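Visitor: Can you look at this prediction? I've put the sequence above it.
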2 protein chains.
Amino acid sequence: MRLAELSERSGVSTATIKYYLREGLVPPGRQVNATTAEYDDGHLRRLRLVRALIQVGRVPVAKAREVLGHVDDESLGRTIRLGAALWALPQGPEPDEEDPAVPAARAEVDRLLALLDWDAAREVGALSPVHRSLVVAVATLNGLGYGWDAERLAPYAELMHAAARLDLDSLEAQASEAERVETAVAAAVLFEPVLRALHRLAQEEESARRYGIE
Amino acid sequence: MRLAELSERSGVSTATIKYYLREGLVPPGRQVNATTAEYDDGHLRRLRLVRALIQVGRVPVAKAREVLGHVDDESLGRTIRLGAALWALPQGPEPDEEDPAVPAARAEVDRLLALLDWDAAREVGALSPVHRSLVVAVATLNGLGYGWDAERLAPYAELMHAAARLDLDSLEAQASEAERVETAVAAAVLFEPVLRALHRLAQEEESARRYGIE
DNA sequence: CATGCTTGGATAGTGCCGCTACCCGACGAG
DNA sequence: CTCGTCGGGTAGCGGCACTATCCAAGCATG
């Protein structure tokens, strides 16, 4: 298919597709001649993934390029590739080491990991962007005066661990080997809005049950 | 305290504080004379909340103003005030009714709510921004070819319901009545990064356990 | 072969957002 | 009286995700 058809089938304007091509988010089509390039279903699929990452997952274009670069890097093994892709996903602000709440939060997070016996997470520790963003979030909460310590976080961590087991189960169950990395990235990014929405819906539901609508 | 001290104690530049004052995110100080205004600990606390919403919670300035406006609106009852504040929180893109995946996703979401007996959530239905963003997220996932139906979402929903119960328990346990709305908003926004980080950490942990580091 | 539309590629510009730099006149301490 | 600081207001900046415009090469039709 040509650019116009790719645009029509994906609902993305040709101008925007050209922008993504320029930015390297979508691989170039097969050049037929100087003024024609041919795209296939793989391009359509990639384009939909890019749109989903950017619009639903709120991943900045630069990060998306980085993530997809890891996804496409066939020189890496699957686990490393997936890890690299996930580590490139957007992080919040870096910890502000000036703030005394930060070391305290880091200590609590480390204590939490010990409490849970999450040994793999303990090993990578502060190297992981996820670990750092957890520290920032806990430090911020505690800076506002809420006392979130390891014991209070632990039940949430157990819930998210249960969610992670479900994630990996469905990854194993349905994805073909070739698509697993892409699937895992899509799931990591796009499933977060689902979880967030379910969380807020559950809060509304539980609040209505406890206190009524008033 | 004066603007300079507020700036120093919060770590936010005076220029930015003035911007927030202009935008109505922080209430004006008590005007002492033409060139002096006096701020108190309430301002400091509010300022920290604003920073947390914007930087950690990624809430746009305009949304933050709206949310805080509801928080401050003493003419409303607590439940309504909280509900209004939470409904004003940022949503993803609105559902694209052109896309056939959207009605299908909406049907699955409604089936999920029925499956779970979340009757309060069913009543408000598509009026709730959260409901709509769940529909968008599910439609996007399914548009990419992953089959997320009510049965597959249900265990996640149960997990998030468990999280919501924990949320409300701590809300009841620790917040003073006057601060509950603010606490609930802060928790809703700032706790999401915590959950997200815990989720990804748990994924890394579980993945390492199943497949090793390689 | 001539005409006119479409194609892909390149470049510059747009609109929004979260600040930020600068200026001004009013103070108040020494 | 002087000088530094205060607050308030305005204009501008830098980044980001596009988007509008131009261009020359093709291709389809008469």
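Guide: Noted; the coordinates are in hand. Since the structure is predicted, the reported quantities are computational estimates derived from the model, not experimental observations.
Visitor: Could I get the phi/psi values of the closest residue to A:R210 other than its chain neighbours?
Guide: Leaving out its chain neighbours, the residue that sits closest to A:R210 by Cβ to Cβ, 6 or more residues apart in numbering or on different chains is B:L168, at 6.4 Å. All C-beta spots, glycine's among them, are computed from the backbone N, C-alpha and C. Main-chain torsions, B:L168, degrees, to the nearest 10: phi -70, psi -30.
Visitor: Just the pLDDT for the closest residue to A:P90 other than its chain neighbours.
Guide: Nearest-residue entry for A:P90: A:K63, 5.2 Å, with adjacent residues in sequence omitted and distances by Cβ to Cβ, 6+ apart. Listed pLDDT for A:K63 reads 92.
Visitor: number of nearby residues for the residue nearest to A:R210?
Guide: B:L168 has 18 neighbours, counted by other Cβ atoms under 10 Å in any protein chain shown.
Visitor: Stretch A:37-50 and chain B in contact?
Guide: Yes: residues of stretch A:37-50 are located near chain B by Cβ under 8 Å from any Cβ of the partner chain, namely A:45, A:48-49.
Visitor: residues contacting the residue nearest to A:R210?
Guide: B:L168 sits next to A:203, A:206-207, A:210 when contact means Cβ atoms under 8 Å, 6 or more residues apart in numbering or on different chains.
Visitor: Now restrict those residues to buried residues only.
Guide: For those, burial is judged from neighbour counts taken by 16 or more other Cβ atoms under 10 Å in any protein chain shown, and it is met by A:203, A:206-207.
Visitor: Can you flag which of the residues of stretch A:37-50 next to chain B belong to helices?
Guide: A:45, A:48-49 (DSSP state H).
Visitor: Out of the residues of stretch A:37-50 next to chain B, grab the one that's most surrounded.
Guide: Among the residues of stretch A:37-50 next to chain B, the one with the most neighbours (other Cβ under 10 Å) is A:L49, at 25 neighbours.
Visitor: surely that one meets B:Y146?
Guide: No: using Cβ atoms under 8 Å, A:L49 makes no contact with B:Y146, being 11.2 Å away.
Visitor: got any residues that touch both of these two?
Guide: Jointly contacting A:L49 and B:Y146 under the rule Cβ under 8 Å, 6+ apart are A:A186.
Visitor: Report the angle between the biggest helix by length in chain A and helix B:180-211.
Guide: If you go by DSSP H, chain A has its longest helix at helix A:180-211. Orientation check (axes from the mean of the first three to the mean of the last three Cα atoms, to 10 degrees): helix A:180-211 against helix B:180-211 gives 140 degrees.
Visitor: Can you give the distance of helix A:180-211 from its chain's centre?
Guide: Here helix A:180-211 is found 13 Å from its chain centre; the criterion is Cα atoms, centre = their mean, to the nearest Å.
Visitor: Pick out the residue of chain A closest to DNA strand C.
Guide: A:L3 (2.7 Å; Cβ to the nearest atom of the strand).
Visitor: Please name the spatially closest residue to that residue (chain neighbours excluded).
Guide: Leaving out its chain neighbours, the residue that sits closest to A:L3 by Cβ to Cβ, 6+ apart is A:T14, at 5.4 Å.
Visitor: got a list of what that neighbour touches?
Guide: Residues near A:T14 by Cβ under 8 Å, 6+ apart: A:3-4, A:7.
Visitor: related to what we said a few turns ago, turn the contacts of B:L168 into JSON lines, including distance to DNA strand C and pLDDT.
Guide: Formatted as JSON lines, those follow (distance: Cβ to the nearest atom of the strand, whole Å; pLDDT from 0 to 100):
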{"residue": "A:Q203", "distance to DNA strand C": "24", "pLDDT": "89"}
{"residue": "A:E206", "distance to DNA strand C": "30", "pLDDT": "90"}
{"residue": "A:S207", "distance to DNA strand C": "28", "pLDDT": "87"}
{"residue": "A:R210", "distance to DNA strand C": "33", "pLDDT": "87"}
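Visitor: Which positions in stretch A:38-55 come out as buried?
Guide: Within stretch A:38-55, the residues that qualify as buried are A:39, A:43-44, A:46-54, counting by 16+ other Cβ under 10 Å.
Visitor: between these, which is closest to B:L141?
Guide: A:A52 (8.0 Å; Cβ to Cβ).
Visitor: where does chain A dip in pLDDT?
Guide: With pLDDT under 70 as the threshold, chain A has low-confidence stretches at A:175-178, A:213-214.
Visitor: what does chain A have sitting close to DNA strand C?
Guide: Proximity of chain A to DNA strand C (Cβ under 7 Å from any atom of the strand) is limited to residues A:2-4, A:14-15, A:18, A:21-22, A:28-29, A:31, A:35-37.
Visitor: A:G125 and B:A139: what is the separation?
Guide: In this view, A:G125 and B:A139 are 38 Å apart by Cβ to Cβ, to the nearest Å.
Visitor: next one: A:N33
Guide: For A:N33 relative to B:A139 (Cβ to Cβ), the value is 38 Å.
Visitor: Tell me which of the two has more neighbours.
Guide: The residue with more neighbours, out of A:N33 and B:A139, is B:A139; 24 against 6, by other Cβ under 10 Å.
Visitor: Helix or strand for the more buried one, just tell me which one.
Guide: Using DSSP states H and E, B:A139 sits in helix B:129-143.
Visitor: CA atoms of that helix as PDB?
Guide: C-alpha atoms of helix B:129-143 as PDB (Å, rounded to 0.1, in the frame of the first residue of the first chain):
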ATOM      1  CA  PRO B 129     -14.500  10.200  32.700                       C
ATOM      2  CA  VAL B 130     -12.800   7.200  34.200                       C
ATOM      3  CA  HIS B 131     -15.200   4.900  32.500                       C
ATOM      4  CA  ARG B 132     -14.500   6.600  29.200                       C
ATOM      5  CA  SER B 133     -10.800   6.300  29.600                       C
ATOM      6  CA  LEU B 134     -11.100   2.600  30.400                       C
ATOM      7  CA  VAL B 135     -13.000   2.200  27.200                       C
ATOM      8  CA  VAL B 136     -10.400   4.000  25.200                       C
ATOM      9  CA  ALA B 137      -7.600   1.900  26.700                       C
ATOM     10  CA  VAL B 138      -9.400  -1.400  26.100                       C
ATOM     11  CA  ALA B 139     -10.300  -0.400  22.600                       C
ATOM     12  CA  THR B 140      -6.700   0.600  21.900                       C
ATOM     13  CA  LEU B 141      -5.400  -2.700  23.200                       C
ATOM     14  CA  ASN B 142      -7.900  -4.700  21.200                       C
ATOM     15  CA  GLY B 143      -7.300  -2.600  18.100                       C
END
